[in-house]
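Participant: Need coordinates for the below:
(one chain, ligands or ions: 1)
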Amino acid sequence: MKTLIEFVNEKQNDFSYASGEFSRLLNDIGIASKYVHREVNKAGLADILGYEGTQNIQGEDQKKLDVFANDQFIKALKHGGQCCAIASEENDELVTYDNQISNNGKYVVAIDPLDGSTNIEVNVSIGTVFSVHRRKSEPGKPGIESDLLQRGTEMVAAGYVIYGSSTMLVYTTGNGVNGFTLDPSVGLFLLSHADIKIPDGGNIYSINEANYIYFPEGVKEYIRYCQDDDPKSLRPYTTRYIGSLVADFHRNLLRGGIYMYPGTKKNLNGKLRLLYECNPVAFIAEQAGGKASDGFRRTLEIQPESLHQRTPFFVGSKHMVEKAEYFMQYFSKDFDTTK
Ligand code: P6P
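Facilitator: Next up is the predicted model:
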């Protein structure tokens, strides 16, 4: 089986501009994820649970594993020298480096180092989500915020690592989606899911229905559509919701399905962040033949205004997202936040 390094070097020729810097950056992310894998897999044993006592910009208590994962990715990207700035869910401000090599890095990374971390102590799959853009600012100095505030359509790569029954790295560079499973006995990511395609249709919808009374009418109508018991409807839907974006999306990517975190009457922009949750997942979904939007507009075309901004999110099988968009556009035009 092909290793991640072999695959990345082989595909490196897909990039006219990258003479190996990009391959190095991707491998650095792979290295950091192995360290996170090791700690996640012994979370129940080592005293690395419990709150670090600090809170991230979302006001969420930071668990030690959050902080550990964040440190690993920041260190690995610094060591690799290809990245000049990072937007991380765990850091209020942009992370830059004080060394000349990094300040000449061609790329910037937006990352959620450990998404779904409230699931750590109940042994539910969690994940890392990341996106890569080329810097726009002058090299030779640290990256700046505007380097990160680029549309998703400008991304050069996106991926996630799911720490579940196995640890998998799934990524795209705009030429399809490939999945690599970590063989912990040798510490190598091996190509296990080549050229992943999401089914156009599916029968899984993933949403936190506890928020039902706050949902837009369009979402309520879509849920009713899924639950329609008219025998002619032939819609054998089922709901699956883990509360971990990476785990819910990964299952739907392989089986077909839709994940929704819509805006609500309480939070018009929903909960998920554009730069390091929705954009990377949207890029992967599209590259696998699926769709992603805020209910009205393609996620990748939303112009980011701030590092931690939120956006409503509908992502998954093409036909399912289109049906949900139909209901949103018909019943909930007032929820169109990105005018
Ligand atoms: P809720 C985890 O905090 C996360 O960002 C996603 O991974 C997950 O899908 C969602 O939030 C869960 O949010 O409000 O349903 O608990």
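Participant: Show me what the helix or strand containing His319 is packed up against.
Facilitator: Assigned by DSSP states H and E, His319 belongs to helix 318-331. In terms of contact count using 3 or more C-beta pairs under 8 Å, 6 or more residues apart in numbering; DSSP states H and E, helix 318-331 is assigned the packing partners helix 217-227, strand 258-261, strand 291-293, strand 313-316. For every residue, glycine as well, the C-beta is placed using N, CA and C.
Participant: I'd like to know which of the ones you listed is closest to the ligand.
Facilitator: With respect to the ligand, and counting by C-beta to the nearest ligand atom, the nearest of these is strand 258-261 at 6.3 Å.
Participant: quick one: contacts of the following helix or strand past the closest one?
Facilitator: Once the chain leaves strand 258-261, the next helix or strand it forms, by DSSP H and E, is helix 279-287. Residues outside helix 279-287 that contact it (C-beta atoms under 8 Å, 6 or more residues apart in numbering): 110, 129-131, 152, 155, 158-160, 170-172, 174-177, 198, 245, 249, 253, 291-292, 298-300, 313, 315-316.
Participant: Got the domain ranges for this structure?
Facilitator: If you go by automatic domain parsing, the domain ranges for the chain are 4-193, 204-335.
Participant: Put together TSV for those, with mean pLDDT on each row.
Facilitator: Conversion of the domains of the chain to TSV gives the following (pLDDT from 0 to 100):
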stretch	mean pLDDT
domain 4-193	89
domain 204-335	95
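Participant: can you list these in TSV and add mean neighbour count?
Facilitator: Output for those, formatted as TSV (neighbours: other C-beta atoms under 10 Å):
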stretch	mean neighbour count
domain 4-193	19
domain 204-335	20
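Participant: Just put these in a markdown table and tack on distance to the ligand.
Facilitator: What follows is the domains of the chain, written out as a markdown table (distance: least, C-beta to the nearest ligand atom, whole Å):
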| stretch | distance to the ligand |
| --- | --- |
| domain 4-193 | 4 |
| domain 204-335 | 3 |
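Participant: Now render the helices and strands packed on helix 318-331 as JSON lines, adding distance to Gly164.
Facilitator: Below are the helices and strands packed on helix 318-331 laid out as JSON lines (distance: least, C-beta to C-beta, whole Å):
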{"stretch": "helix 217-227", "distance to Gly164": "25"}
{"stretch": "strand 258-261", "distance to Gly164": "16"}
{"stretch": "strand 291-293", "distance to Gly164": "22"}
{"stretch": "strand 313-316", "distance to Gly164": "18"}
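Participant: Go through the contacts of helix 279-287 and flag which are in strands.
Facilitator: Within the contacts of helix 279-287, residues falling in strands by DSSP state E are 110, 129-131, 158-160, 170-172, 177, 291-292, 313, 315-316.
Participant: ok, so of these, who is nearest Asp66?
Facilitator: For Asp66, the nearest member of the ones in strands among the contacts of helix 279-287 is Val129. The distance, counting by C-beta to C-beta, is 13.3 Å.
Participant: what bridges to the closest one?
Facilitator: Asp112, Tyr160 (DSSP bridges).
Participant: re earlier: of the ones in strands among the contacts of helix 279-287, which is the nearest to Leu268?
Facilitator: Nearest to Leu268 among those: Phe313, at 13.1 Å, using C-beta to C-beta.
Participant: which residues touch that closest one?
Facilitator: 259-262, 270, 272, 277-278, 281-282, 292, 294, 299.
Participant: For it, name its beta-bridge partners.
Facilitator: Here Phe313, judged by DSSP bridges, has bridge partners Tyr261.
Participant: Sketch out the helices for this protein, chain order is fine.
Facilitator: For the chain, applying DSSP state H gives helices covering 4-11, 21-40, 64-80, 100-103, 145-148, 217-227, 245-255, 279-287, 318-331.
Participant: quick one, which of those is nearest to Leu191?
Facilitator: helix 4-11 (5.6 Å).
Participant: Mind giving me the packing neighbours of that closest one?
Facilitator: Taking 3+ C-beta pairs under 8 Å, 6+ apart as contact, the helices and strands that helix 4-11 lies on are helix 21-40, strand 177-183, strand 188-193.
Participant: which helices and strands does the longest one pack with?
Facilitator: Spelled out, it's helix 21-40. Helix 21-40 makes packing contacts with helix 4-11, helix 64-80, strand 107-115, strand 126-134, strand 157-163, strand 167-172, strand 177-183 when contacts are defined by 3+ C-beta pairs under 8 Å, 6+ apart.
Participant: Identify the residues contacting the last one?
Facilitator: It stands for strand 177-183. 4, 7, 30, 33-34, 37, 166-172, 188-197, 253, 284, 287-288.
Participant: How about stretch 332-339?
Facilitator: Contacts for stretch 332-339 (C-beta under 8 Å, 6+ apart): 216-219, 262-263, 268-269, 294-297, 302, 311-312, 328.
Participant: One more: stretch 238-246?
Facilitator: Outside stretch 238-246, the residues that touch it by C-beta under 8 Å, 6+ apart are 115-116, 118-119, 124-129, 160-162, 203-209, 226, 248, 251, 257, 259, 261, 272, 277, 281.
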